[in-house]
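Visitor: Sequence and predicted model, in that order:
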Amino acid sequence: MKKSFSWVRDYIHEIGLNDVLELMGTFGVADQHGFISGKVAMMILDSSFPKLINTYNPDLNYGVINIPSFENSESVSSSGTWWAGIPRNAKNPEKAWEFMKFLASTDFQIEYLEKSTESLFSANREAAYHPEFLVEKNYKVFLDQMHRSKSPSIIPLAHDTFWREYTRAEERIIRNISTMEKNLVEAEKRIQTELDKSFRYYDYVTRKLQN
Amino acid sequence: MSKRFLIFIFLSPWIIGFATFGIYPLMMSLYYSFCQYDVLQIPMFIGLENYKNILTKDPYFWISIKNTAYYTFFRVPLNIIGSLLLAILLNQMVKGIRILRTIYFLPSIISGVVLSVIWMWIFNPQIGLINIILGFFGLNGPLWLQDPQWSKPALIIMGLWSIGGGRMLVFLAALQNIPKHLYEAFEMDGGNTYQRFFHITLPMISPVIFLWSIIEVIASMQVFTEAFIMTKGGPLDSTLFYNLYLYNKAFEDFNMGYASALAWILLAITLCVTLAQFHLSKRYVYYEGQK
């Protein structure tokens, strides 16, 4: 992480921090997005973009590759997940389970993925690699990446805290405020505090429900 | 059917509504402020821990207090002075004044979200209106919303957009309510325009200034939409206002107990500031009927 932060910081400062911030200030959403509008040649984006590009700038000529990695390490990216769950006190858990199986079925997944306005990928391998779904030329890259991607949901109890602290640390490092080590240590400390609080709370809830 | 019962029947829709959507949430938020609670599960009572953590261990609480105080300190006087000056201008009996009043009022009816998007473009460092105008004078405009030094001033400038709204109308009404004989008597005594403004106009409209200072301080302490849409609290937490921080805690982290404690602290701060304003008002507010 430290290496990647250093690289981003040094690269931005090579171009000029103010120039980068000024350019970023012109970005908006939809057709004003930096990449979709064609203002930025290369960007790290998520898999929702192929459909957005098709909507807002279908003529954009672009390709997708994995995020470059250091030395001999594999390219890894984070992934978010939509998931379904059965509440502890559900009245009909068996029916809920049947419904979940229907949600995860190949036919439903293909239909759902096609109709979704987002570029989502199925955890059902058959649906994910189905030719009907793989019409978008860049989807294969995302699908292959799924084998190696890591979900930030590994810390579901403090998910937003994690992203906010990560972004804060990144911003401070890029702007050369305090040292990288200090920023990362502080971010980690705050995330850990929130995690500890969440664990204590869920222990309490679990104990109460068991009683 | 007794008269009292009838009164109660007619009042009951309001009483039920107020109890359900006013008293109950208020009391529950007070209770949750002593709990850890994520909305989906049962609350866990933790006593004063939320308050203790906010006041002693939470750097973002103090950052948000500082940002909100800065915003309030500059926004309130600028907006009140701006509205008053505009009201004075629109109080002149010139041709087409009614149309001018309508034109000046129009911007204030735009919704906060739309306004925020418009101003994001106005503050755009490369193609924004402000930097283009500054460029005509050979000045390099700042990065505005990308610069922690300029992000708060940018939002304060944006707040001036509303000087022609309801506040200006109330000032206008107050100016028109000043008895003409006071001005006539002052002119006969040889007072000039400036003296007339500071010795007649200002004292006569001081209750309205006081009213708006209270409303504006409370509104400024609750600033949210602009920061939520335009900056998300950045850059470097420079626009992390109190309500935005509270929102993050409540609806992103689902830490409703902590957010409730933040809300009660905001209430306490607002109450103290308002009481201080009432105390100060004795020095500058003139009520015609008072002895």
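Guide: That came through, no problem.

Visitor: what are the ranges of the strands in chain B?
Guide: For chain B, strands defined by DSSP state E occupy the ranges B:35-36, B:44-45.

Visitor: most neighbours per residue, which of these?
Guide: strand B:35-36 (a mean of 22; mean count of other Cβ atoms under 10 Å in any protein chain shown). The way it works is simple: take the backbone N, C-alpha and C, and place the C-beta from them, glycine included.

Visitor: Check the offset of that strand from the chain's centre.
Guide: Chain-centre distance of strand B:35-36: 30 Å, with Cα atoms, centre = their mean, to the nearest Å.

Visitor: Which residues of the stretch 1-150 of chain B lie near chain A?
Guide: Applying Cβ under 8 Å from any Cβ of the partner chain, we find that the stretch 1-150 of chain B lies next to chain A at B:36, B:38, B:41-42, B:44, B:120, B:123-127, B:143-147.

Visitor: does any part of the helix or strand containing A:R200 sit near chain B?
Guide: Element membership for A:R200 (DSSP states H and E) is helix A:180-210. Yes. Under the criterion of Cβ under 8 Å from any Cβ, chain B is reached by helix A:180-210 at A:194, A:197, A:200-202, A:204-205, A:208.

Visitor: could you flag which of the residues you listed are buried?
Guide: A:194, A:197, A:201, A:204-205 (16 or more other Cβ atoms under 10 Å in any protein chain shown).

Visitor: Now render these as a markdown table, adding pLDDT and distance to A:R164.
Guide: Formatted as a markdown table, those follow (pLDDT from 0 to 100; distance: Cβ to Cβ, whole Å):
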| residue | pLDDT | distance to A:R164 |
| --- | --- | --- |
| A:E194 | 87 | 10 |
| A:K197 | 88 | 15 |
| A:Y201 | 90 | 19 |
| A:Y204 | 91 | 25 |
| A:V205 | 87 | 24 |
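
Visitor: Of those, just say which sits nearest to B:I7.
Guide: A:V205 (46.0 Å; Cβ to Cβ).

Visitor: I'd assumed B:M44 was in contact with that closest one.
Guide: Yes. The pair A:V205 and B:M44 passes the contact test of Cβ atoms under 8 Å, sitting 7.3 Å apart.

Visitor: Give the buried residues for stretch B:109-129.
Guide: By 16+ other Cβ under 10 Å, the buried positions in stretch B:109-129 come out as B:115-116, B:119-120, B:122-125, B:128.

Visitor: swap that for stretch A:35-45, sorry
Guide: Buried residues in stretch A:35-45 (16+ other Cβ under 10 Å): A:35-37, A:45.

Visitor: Please apply the same query to stretch B:85-97.
Guide: Within stretch B:85-97, judged by 16+ other Cβ under 10 Å, the buried ones are B:86-87, B:90-91.

Visitor: pLDDT added to the residues you listed, as CSV?
Guide: Output for the buried residues of stretch B:85-97, formatted as CSV (pLDDT from 0 to 100):
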residue, pLDDT
B:L86, 91
B:A87, 92
B:L90, 89
B:N91, 89
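
Visitor: and of these, the nearest to chain A?
Guide: B:L86 (30.3 Å; Cβ to the nearest Cβ).

Visitor: Now do the contacts for the closest one.
Guide: By Cβ atoms under 8 Å, 6 or more residues apart in numbering or on different chains, the contact set of B:L86 is B:104, B:163-164, B:168, B:171.

Visitor: cool, and A:R9?
Guide: A:173-174, A:176, A:180.

Visitor: cool, B:G135 as well?
Guide: B:G141.

Visitor: where's it relative to chain A, distance?
Guide: Distance, B:G135 to chain A, by Cβ to the nearest Cβ, to the nearest Å: 13 Å.

Visitor: And the pLDDT for that residue?
Guide: We have a pLDDT of 92 for B:G135.

Visitor: Repeat that for A:A158.
Guide: pLDDT at A:A158 comes out at 67.

Visitor: Number of residues surrounding B:V170?
Guide: Other residues lying near B:V170 total 17 when counted by other Cβ atoms under 10 Å in any protein chain shown.

Visitor: Ignore what I typed, I meant B:F137.
Guide: The burial count for B:F137: 6, using other Cβ under 10 Å.

Visitor: Remind me what the helix holding A:R200 packs against, helices and strands.
Guide: helix A:2-15, helix A:159-174, strand B:35-36, strand B:44-45 (3 or more Cβ pairs under 8 Å, 6 or more residues apart in numbering or on different chains; DSSP states H and E).

Visitor: Between these, which one is closest to B:E252.
Guide: With Cβ to Cβ as the criterion, B:E252 lies closest to helix A:159-174 of those, at 4.2 Å.

Visitor: so that closest one versus helix A:180-210, what angle?
Guide: 180 degrees (axes from the mean of the first three to the mean of the last three Cα atoms, to 10 degrees).

Visitor: Okay, buried residues for helix A:159-174 please.
Guide: Buried residues in helix A:159-174, counted by 16+ other Cβ under 10 Å: A:159, A:161-162, A:164-166, A:168-174.

Visitor: By residue count, tell me the biggest helix in chain B.
Guide: If you go by DSSP state H, chain B has its longest helix at helix B:59-89.
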